[in-house]
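> one predicted model, sequence on top.
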Amino acid sequence: MASSWTWKKAIKVGAAAATAGGGGCALLYLTSVYNSDRKKEQVQQKLAASGLNKRPSKPLPTRADQLNSLANEQFDVLIIGGGATGSGCALDAASRGLKTAMVEYDDFSSGTSSRSTKLIHGGVRYLQKAIMNLDIEQYKMVKEALHERANLLEIAPHLSFPLPIMLPVYKWWQLPYFWAGIKAYDLVSGGDCLKSSYILSKSRALELFPMLKKNELKGAIVYYDGMHNDARMNISIAISAVRLGASVANHVKVVDLIKTDGIVSGAKVRNQLTGEEFSINAKSVINATGPFTDSIRKMDDGQTRDIVCPSAGIHIMLPDYYSPSNMGLLDPATSDGRVIFFLPWQGLTIAGTTDTPCPVTNSPGPSESDIQFILSEVKNYLTPDIDVRRGDVLSAWAGIRPLVKDPNAGDTASLVRNHVVHVSDSKMVTIAGGKWTTYRAMAAETVDEAVEAAQLGVGPSMTDGLLLEGAHNWAPTMFIRLVQDLGVDTAVAQHLSDTYGDRAFSVGKMAGLTGQRWPIVGRRIHQEFPYIDAEVRYAVKEYAATAVDVIARRLRLSFLNVQAAEEALPIVVSIMADELGWDKEEQDKQTEDAMDFLRMQMGKDLNKASRDNIPVSLTKAEIAEYVKRFNALDDGKKGYISINDIRKSLKSQGEEVTGQQIHELLNELDANHNGQVEVEEYLQMMSAIKSGTVSHSRFAKMAEMDYKAKKYGEHMERSGGGV
């Protein structure tokens, strides 16, 4: 029997469907809801009978235990690749009772799976193409994705949620056109519809999204898709596989395949952290390496043709004031035909597009032209009151999307729209293409092929409705218990609950004392973000082995704010050193590797270059004023500003800062890294601030305050006095 809640939802959206397409559409919708509800009940009954949805209580095996298992045991299935699809395959295989192994060259979710737009979506554009072209295959693809979207929100409710997305309308004819398309999206969702879409007047649209450009705005349409923390979701899938008995290891590279009588029967691998090599034996091998699919395929058959056509998805992070905290925006037709999403995520704003051709590389990064394209498109949709500045870009990254050709097709030029599962002559199974939303369905299909190819003799997939790590006892109000029971502040508690689900208490219990009245525990590793010391320790238990593993995937700091990630790095390395026994040499190496990652892959070098390459465009009066400020700070008229000058100025202003903070101030301007700031570097910074290439500078503000204090006296009277 369908729940009363479901039928209230059905009646509400069914009424909307009736308005859109008549009573026949409404009847079809209600039937879809009923059938979907029955199917969900059957799935839950099957999972309850199997015991798979019981919350695991045993501690995770250590990484050393996992490596030992991989080297010494015989497996039914070995999965190469620990992204969303590979981890999904591991979970699917383990849930069927197969002895499962998985290895990942870098870290779980280190590639494409951590660099997505963060949406869990069915594909509004694909549905439009399906309807316009009467394409039943495209329709089925959207229908499957909509089911997987709903399933992912159910199996990991702490990590995912429905997000309203606005389509602003600037031409009257677009209003009914977009509305019909979005209503069709609701109807195709059927029982998996998240919430019903709706139309907004101009005034209401501006009330909900006040940053929108007002001129010529006619109204807007709002629809719903899902959103998630992609890297954490990926790690949760991998950990869920471990809970069901899978042996997994990150930082383990496949160097060759093992064949027995012409059949792939395992792989030779190398521990990237120690250099140790060993073999993993398995009855079936699955290649789920995303953009690197062809490199593994060529290990199997050196003559095989490439099927991956890599395409980069570029994204930037902007401050929170660029978007409302609970609504995204979609620009369906940019100046060059690509799609721009503009979404609130983790307290900031993510903006990005997809489908830029690129080479396959282990360290993809954006270009300055990519960043400028996104900023220009964002500017087209925002009110002129908002100055869209290059200096507001907090981080920037690229993810390689592995678009694929069908190796079974005669026409090798055309790309498939969805994904490809291919079994080679040597029985290696390759899964390539697809998207984040459909990872589970792709994994189920892939494991089906592996079971058939190796004649493993197990039943069908059990992952539809299978709860992921942290979901079993989670509730939206769990953060309140964390505050009350552990003594962490509310923002930290909300973050822990939304990241770790019912495992948040295990994390919180590892938190150190703050030494303050409140919060009692939970030392933040950076004051601007709710990440705490305990998360670094817990990350090691979840197989984080490098500093980059933590700042990029276990915490999302490098993706959110590259400068904050650099500032938090010493604390992260120090905690990991305690947990993993790193000596000074290893700590220095980890710091250097992490800085390389931030510079090359997270946009740090591009941010710096954009500032340094700006020509000095100041008026004579501005230059004269800034030179005066510089000279006031230059004690002894040396011609440059030193660390001692900064320390003396801050002390005179009553500021207590650490040595590290002083070095950070100096490094804002010290372009040639000689430990001092010349007047040319200072003028360059002030010009960058004027142009918007830099949003703000602590050094510039310190110099301004130091100059005013010396010009007007050490004890300036504040205006607006009193008695």
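Ah, there it is. As the structure is a computational prediction, the values presented were derived from the model and not from experiment. Residues are numbered from 1 along each chain as shown.
> list the buried residues in stretch 163-176.
Across stretch 163-176, burial judged by 16 or more other CB atoms under 10 Å covers 163, 164, 165, 166, 167, 168, 169, 174, 175. Just so you know, the C-beta spots here come from the backbone N, C-alpha and C atoms, and that holds for glycine as well.
> what separates residue 213 from residue 334, distance-wise?
15 Å (CB to CB, to the nearest Å).
> what does residue 163 give?
For residue 163, the distance to residue 334 - CB to CB - is 20 Å.
> just residue 105 next, same as before
Residue 105 is 34 Å from residue 334, by CB to CB.
> equivalent analysis for residue 370, please.
13 Å.
> go on, residue 352?
Counting by CB to CB - residue 352 and residue 334 are separated by 11 Å.
> repeat that for residue 54.
48 Å.
> of the two, who's got more company?
residue 334 (16 against 11; other CB atoms under 10 Å).
> isn't the more buried one up against residue 341?
No. If you go by CB atoms under 8 Å, residue 334 and residue 341 don't touch, sitting 10.8 Å apart.
> overlap of the contact sets of the two?
residue 353 (CB atoms under 8 Å, 6 or more residues apart in numbering).
> ranges for the helices of the stretch 151-300 of the chain?
174-189, 202-208, 230-243, 293-300 (DSSP state H, counting those that start in this stretch).
> run through who's touching stretch 193-207.
So stretch 193-207 is contacted by 9, 12-13, 16, 149-150, 153, 162, 164, 166, 168, 175, 179, 182-183, 185-186, 208, 212, 214, 217-226 (CB under 8 Å, 6+ apart).
> let me know the secondary structure of residue 456.
Here residue 456 is coil, with the state taken from DSSP: H, G, I helix; E, B strand; the rest coil.
> tally up the residues packed near residue 612, please.
Neighbours around residue 612, by other CB under 10 Å: 13.
> now swap in residue 81 and tell me
Quick note: residue 81 (other CB under 10 Å) scores 27 neighbours.
> picking that back up, looking at the buried residues of stretch 163-176, which is nearest residue 477?
residue 163 (20.6 Å; CB to CB).
> how close does the closest residue in space to that closest one that isn't next to it in sequence sit to residue 153?
Spatial nearest neighbour of residue 163, chain neighbours left out: residue 227 (4.3 Å); criterion: CB to CB, 6 or more residues apart in numbering. Distance of residue 227 to residue 153, computed by CB to CB: 9 Å.
> comparing these two, which shows the higher neighbour count?
Per other CB under 10 Å, whichever of residue 227 and residue 153 has more neighbours is residue 227, with 23 against 19.
> verify the contact between that one and residue 161 for me.
Yes. Residue 227 is within contact range of residue 161, at 6.1 Å (criterion: CB under 8 Å).
> overlap of the contact sets of those two?
In contact with both residue 227 and residue 161: no residue, using CB under 8 Å, 6+ apart.
> which secondary element of this protein has the worst mean pLDDT?
helix 4-21 (a mean of 44; mean pLDDT, DSSP states H and E).
> please, where are all the strands along the stretch 501-650 of the chain?
640-641 (DSSP state E, counting those that start in this stretch).
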